[in-house]
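**Q** got a sequence here, can you build the structure:
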Amino acid sequence: MKKQELKDLSMADIDTKLHDNLEDLQNLRFQKALQQLENPIRISHLKKSIAQLKTVKNEFDLGLRGGKDKD
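**A** Numbering: from 1, shown residues only. Modelled structure (predicted):
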């Protein structure tokens, strides 16, 4: 996800995307354990996306980032 896309998200969108990404990560880990995973690099990309979303969410909570919810 690009920085501009993250900047345009509202808090509700961030929560939704974060929840979806965490579910996808869990499914990929199950596939990896069962050796059915076709693209293992997808796990690292998903983990990076989760970290970015958590960072933006934390910035909202700390008041460092104002967004659509604040206006």
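
**Q** for this structure, which spans come out with low pLDDT?
**A** Along the chain, the parts satisfying pLDDT under 70 run over 1, 67-71.

**Q** is Lys47 in contact with Asp24, as I believe?
**A** No. Contact between Lys47 and Asp24 fails when scored by CB atoms under 8 Å: they sit 10.5 Å apart. Where C-beta positions appear, they are placed from N, C-alpha and C, glycine not excepted.

**Q** surely Asp15 meets Lys57?
**A** Yes. The pair Asp15 / Lys57 is scored as a contact, 7.4 Å apart, by CB under 8 Å.

**Q** between the two, which is the more surrounded one?
**A** Between Asp15 and Lys57, Lys57 has the larger neighbour count (other CB atoms under 10 Å), namely 17 against 13.

**Q** ok, that one - contacts?
**A** 11, 14-15, 18 (CB atoms under 8 Å, 6 or more residues apart in numbering).

**Q** tabulate those residues (CSV), appending distance to Arg42.
**A** Output for these, formatted as CSV (distance: CB to CB, whole Å):
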residue, distance to Arg42
Met11, 26
Ile14, 21
Asp15, 22
Leu18, 17
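
**Q** out of these, who's the most crowded?
**A** For the contacts of Lys57, the largest number of neighbours (other CB under 10 Å) sits with Ile14, at 19 neighbours.

**Q** and that residue, what element?
**A** Using DSSP states H and E, the element containing Ile14 is helix 11-33.

**Q** what residues sit buried inside the helix or strand where Asn58 lies?
**A** Asn58 is part of helix 41-62 when elements are defined by DSSP H and E. Neighbour-count burial for helix 41-62, counted by 16 or more other CB atoms under 10 Å, picks out 43, 46, 49-50, 52-53, 56-57, 60.

**Q** this completes my enquiry, with thanks.
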